[in-house]
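> can you look at this prediction? I've put the sequence above it.
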Amino acid sequence: MKYLFLIIAIILSLAALGTYYSAPDTTSKVPVIYWVTDRNPARELQVKKFHEWCIENGHVGEDGQPRVELRLDMANRDKTKQIIQSVSGVGSDIMDLGGGSNLRLFQQMNVLKDVTEAGKELGFDPSKTYAAVEPLITVDGRQYMFPCNVTVRGVWVNTDVFKAVGMEPPPTRWTIEQFDRMGQEFNKIANPPGTRADQRRFFCDDISETLLYRSMGLSLFNETATRCTLNDPRYVRTLTLRHKWIYIDNFMPTPDDTDAFATEQGYGGAKLALFGTGNYAMVTGGRYYLIRFRDYNNLGQMRVVEPPYDHFPNTTISTRAAVVYQGSDYPHLANLFQAYLASENYNALIVEDADALPPNPAYTRSDSFLRPEKHPNEWGAHGQFVKMAEEIAIGEVLSPFVLGDVVWREVKFYREDFYAGQITAEEAAKRTAERIDFEIDNELKRKPHLQEKFDRRMALQKKIDALKAAGKKIPRAWVSNTFYLRYYAAQGMLTDEVPASLEREGE
Amino acid sequence: MTKERRNLLLGLAFLSPNIFGVLTFVIFPVGFSLVMAFSNWDLTQHNMFKPDAEVEMVGAKNFIDLISGDRFVRFLGNTLFFMMGIPFSVAGSLCAAILLSKDTRAGGGKPMLWMIAACVFVASIAMLAAVGMGGTAMTILLVGAMCGILTCGMIGGRTFYRTLFYTPHFVAGVATFILWKKLYSKETGPVNVSLQPMLNFFTDQVNATPDGMFATVFVLGLVLLVGAYFLGTRKLRLMMIDGELGWGAAILPLIIISLPIVVAVVWGQVGPKTLTTSDVLGFRITLTAGFMLAVVAGLILLVHLLGVARAERFPCKPSEGFGSGFVIAILFMVLQFVLLGLSPVVGALPAMAGDADGLAAPSWLNDTSWAKPALMIMGFWAAIGSNNMLLYLAALSNVPEELYEAADIDGATPIQRFWNVTWPQLAPTTFFILVMATIGGLQGGFEMARVMTKGGPAGATTTLSYFIYQEGFETGRLGFASAVAWALFVLIFTVTVFNWKFGNRYVND
């Protein structure tokens, strides 16, 4: 037995050595860096092009080959895995992360490299992407990521479905009232009594609550992001409207309606397949839906309109961006990858395969983007996304005093309580705001170093409230909520000067 | 070096990889998590890239936050709700094991059994057809599946059925959950497609029945509730008189057994509400009925307490028999709660059936009221054919044949044979299964909540294990998550110790 034991031990040791010496890090002549990204076949080409870009731009060794080897890691994109690996010192050199709240979470952990200087030096600073994206890739003015792509939420319209029911498709900009009226009319025509559940046609897959209450001039947080402001009649109206559209008028699907369709999920979810089959007349989402839409040969002229609004047209913008891991052995080489993301080589790939908007808006002016030869039915869509990104898109509103995941968990919790009939919309609004404020207070107790910043902002908030009550303009420098910066600017409520009677308290 | 010493070292060398693994990956993390539970460790603040930030010990703060917060209690409630299915699962496993210990091969000398089974089957199909399922594909599917199973069973005998019953246990969990998610689809899922025609049929019957009948059943339910309370307290009284239950040990069982009455009284509202399908439990006990319940229950309790005080009691210690009293109180409490829950539903039936849509099949996974029962039913399905069934099968084969022969000579009926021979012989196995199922139940629920409902709707299916995941890995609060884990451990440990201390007695008896 002991000999068998020894033999097994020797075999295992040899296997371990063999594995070590055949690993890419050991066999490659140049440093190997890993990119944690999603499982998408397009990534292979993007890696290949990166190596080509290195050669074109002189990032080569003595043999003329790239001075770095980029490898894909598609098995560790899950956020919890990224968190655990990062804090344990075994994170990947480059990681795809969502901008905004995800960036804040990882930045708080101090596991990300500050790339502000490298960005300026290598040409991937925030000026190389959309203005609305800047707050999503920076924290306190420091840059930590550069977008791999940018998603602006628009409303895709299946014009064939509207033709089939004899209705005009919606205009590019439309109000909540128009949306409500058209939805009811559509429902009446498209779903006569006796229509089977799996053959129903829905006016639209969903309209985000955030878009609705923002269009009414309300934000998740107050101007200084110190308190949640959802305990407001506008949020109550938002909840009531969505509930009506989903559960009463039912021109947007309930979760049960979605389950009724026997369709595969796939990239982008089941709703894209249902849009292709005509079960959904409209779906909300980004340009990347084209990756699936191009598979549906029967789709006619593509059209994109803005989400419905109350008095302030807006939409959301988000990004999948690349960060450099603090523990990377080759951060300067990982920076090269971020520079590549801002280059024409990479942006041309995104333009062509329609994986959302290219990170660098400079490449959205060309004919190859606006009017791709192979897809003439999309010509009306591409430009509309860029227009929305530049004119009405606002990123996620963040508070440094509470984690984004916690906020969305609470919002979802009470929203579902309301939809289930357990509480009223007013109660849901009140409890959501109270709970988020409770979480803010808890976070301050856990992280006392935030207290000073919080107190400073609370003092500012009092002054802002006083100015608002007096009908006066608010100093721009006092507002840290990205939504209010845009909203107040549009309403002419911002000023660059601090009133003489009030002492300036910057951060 | 002596031979013994050499052998010892050699043995240790063989064991060292395993010992090292257990120490590194089990003992150390478990011990470390205990320390973490008393710390403020937050991944966003304390990790290798933040060398200046030190983890501080915060004493029992995490545990205080846990108990003072509403979420822990809510999610513990969800976990306990799922655990209510354990007795049913164990009973199901036992039934399955008993059935699967019989020979089912055709020609095995049981033609009458097969004829009865076939008649029941045909009658069931006919009944389904009568209530509107005749033309549906689901009926054909059901008929086909049942015929196939029966045929295979006749050919393959019990081996086939044993394999079939055990299948859920070796199918990957996630695949099973996705399958059940499809089964539960409100509009197109096979469960509701089968259920809705029957509900339509039932709606017609309910509408044709006078409302007074249902109100009577509702009142009858309350009478039964009082009856169950009477029987429970009477049992405790007799135990006290017989010296099986001390007065000190009787306090908690009495509180537990009175809990449903208290809930019923608190639940009371002035007048029954207008009823709709979405407001099933709107048929509440009126204030008057609640008051009457309280008075009657109070009288019952008083009579029994006086009975104990006046009777000549067999002497015992005040703490004697706590376990027995506790178990009996729990059983009667569950019975009373079931009656308390069902009575208003029966009372509300006419109003529900009178809705425009009649009695509608539930939205299993998207309704806060149904999501928990839906997952519980799925758990029940998986548990019947699990290792519990195998354990029972093994235990059944170990019951000495002489005991059955002796019972036959005494003229025992099949039920008496089961109750007086099989059941006592299975007691150690039942005890083991109950302990393991309780531990598993408290720890479980993570996978199905994550795959099927994401813990929703509105946290209805979030269990403690899912809560630990959310706190530890989604928000990085490792200290707090460890506190939840240790609170869960204390709970499991307490229940297990209780089981060993009081459950073992019946096993040894």
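Looks like it came in fine. Just so we're clear, the structure is a prediction, and the values are computed from it rather than from any experiment.
> residue ranges with poor pLDDT in the stretch 101-250 of chain A?
The model of the stretch 101-250 of chain A has no residue with pLDDT under 70.
> can you count the residues close to whatever residue of it ends up closest to chain B?
When scored by CB to the nearest CB, the stretch 101-250 of chain A has residue A:197 as its residue closest to chain B, at 3.5 Å. Every C-beta, even on glycine, is put in place using the N, C-alpha and C of the backbone. Counted with other CB atoms under 10 Å in any protein chain shown, the neighbours of residue A:197 add up to 14.
> and what of the one 3 residues further on?
Summarising burial for residue A:200: neighbours were counted as other CB under 10 Å, giving 19.
> could you do the one 10 residues further on as well?
Using other CB under 10 Å, residue A:210 has 22 neighbouring residues.
> what residues does the stretch 151-300 of chain B put near chain A?
B:181, B:182, B:185, B:186, B:187, B:188, B:189, B:278 (CB under 8 Å from any CB of the partner chain).
> who wins on neighbours among those residues?
So for those (other CB under 10 Å), the most neighbours sit at residue B:185, 26 neighbours.
> list the residues that contact the nearest residue to residue A:279 once chain neighbours are set aside.
Nearest residue to residue A:279 in three dimensions, chain neighbours excluded: residue A:201, at 5.7 Å (CB to CB, 6 or more residues apart in numbering or on different chains). Taking CB atoms under 8 Å, 6 or more residues apart in numbering or on different chains, we find residue A:201 in contact with A:161, A:165, A:186, A:190, A:191, A:278, A:279, A:280, A:281.
> do the same with residue A:348
Neighbour list for residue A:348: A:363, A:368 [criterion: CB under 8 Å, 6+ apart].
> hang on, it is in a helix, isn't it?
Yes: applying DSSP: H, G, I helix; E, B strand; the rest coil, one finds residue A:348 inside a helix.
> now for the residues of the stretch 151-300 of chain B next to chain A: which two are most distant?
Within those, B:182 and B:278 form the most distant pair, 25.1 Å apart (CB to CB).
> circling back: for residue B:327, see how far away the residue nearest to residue A:279 is.
From residue A:201 across to residue B:327, the span is 57 Å (CB to CB, to the nearest Å).
> and residue A:363, by the same measure?
Per CB to CB, residue A:363 is found 73 Å from residue B:327.
> the two: which is more packed in?
Per other CB under 10 Å, whichever of residue A:363 and residue B:327 has more neighbours is residue A:363, with 19 against 15.
> quick one: the residue of the stretch 101-250 of chain A closest to chain B and residue A:260 touch, right?
Yes: counting by CB atoms under 8 Å, residue A:197 touches residue A:260, with 4.5 Å between them.
> what touches both of the two?
Counting by CB under 8 Å, 6+ apart, the residues touching both residue A:197 and residue A:260 are B:187, B:188.
> CA atoms only for stretch B:32-51, dumped as CSV, please.
The C-alpha coordinates for stretch B:32-51 follow below in CSV (Å, rounded to 0.1, in the frame of the first residue of the first chain):
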residue,chain,number,x,y,z
PHE,B,32,-12.1,32.0,11.6
SER,B,33,-15.7,32.8,10.7
LEU,B,34,-16.6,32.7,14.4
VAL,B,35,-14.0,35.4,14.9
MET,B,36,-15.3,37.3,11.9
ALA,B,37,-18.8,37.3,13.3
PHE,B,38,-17.6,39.6,16.1
SER,B,39,-15.7,41.9,13.8
ASN,B,40,-16.6,44.7,11.5
TRP,B,41,-14.9,43.1,8.5
ASP,B,42,-16.3,44.7,5.4
LEU,B,43,-14.6,43.8,2.1
THR,B,44,-14.9,47.4,0.9
GLN,B,45,-12.9,48.5,3.9
HIS,B,46,-10.6,45.7,4.9
ASN,B,47,-8.6,43.7,2.4
MET,B,48,-5.0,43.3,1.3
PHE,B,49,-5.1,46.5,-0.7
LYS,B,50,-6.1,48.6,2.3
PRO,B,51,-3.2,47.9,4.7
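> hmm, who's touching that stretch?
Contact with stretch B:32-51 is made by A:83, A:86-89, A:105, A:108-111, A:326-327, A:403, A:446-447, B:53-63, B:476-479, B:482-483, B:485-486, as judged by CB under 8 Å, 6+ apart.
> gap between the helix or strand containing residue B:493 and the chain center?
Residue B:493 belongs to helix B:478-498 when elements are defined using DSSP states H and E. Chain-centre distance of helix B:478-498: 20 Å, with CA atoms, centre = their mean, to the nearest Å.
> which parts of that helix are buried?
Judged by neighbour count (16 or more other CB atoms under 10 Å in any protein chain shown), helix B:478-498 contains these buried residues: B:478-489, B:492, B:495-496, B:498.
> ok, stretch B:422-429 next?
Neighbour-count burial for stretch B:422-429 [16+ other CB under 10 Å]: B:422, B:426, B:427, B:429.
> for chain A, tell me which of the residues you listed show up nearby.
Okay, of these, nothing touches chain A (CB under 8 Å from any CB).
> what is the nearest of those to chain A?
residue B:429 (35.1 Å).
> so what's that closest one up against?
B:391, B:392, B:394, B:395.
> one more: residue A:168?
Residue A:168 neighbours (CB under 8 Å, 6+ apart): residue A:162.
> tell me the SS of it?
Classified using three-state DSSP, residue A:168 is coil.
> what distance do you get for it to residue A:161?
Taken as CB to CB, the span from residue A:168 to residue A:161 is 12 Å.
> grab the nearest non-local neighbour of the residue most central in space within chain B.
For chain B, residue B:85 is the residue whose C-alpha lies nearest the centre (CA atoms, centre = their mean; 1.6 Å). If the residues on either side of it in the chain are set aside, residue B:85 comes closest to residue B:376, at 4.4 Å by CB to CB, 6+ apart.
> kindly report the same for residue B:185.
Per CB to CB, 6+ apart, closest to residue B:185 is residue A:259, 4.2 Å.
> residue B:484 too?
What sits nearest to residue B:484 in space, not counting adjacent residues and going by CB to CB, 6+ apart, is residue B:468, at 5.0 Å.
> please pull out the lowest mean pLDDT helix or strand from chain B.
Ranking every helix and strand in chain B by mean pLDDT, DSSP states H and E puts helix B:504-508 at the bottom, with a mean of 56.
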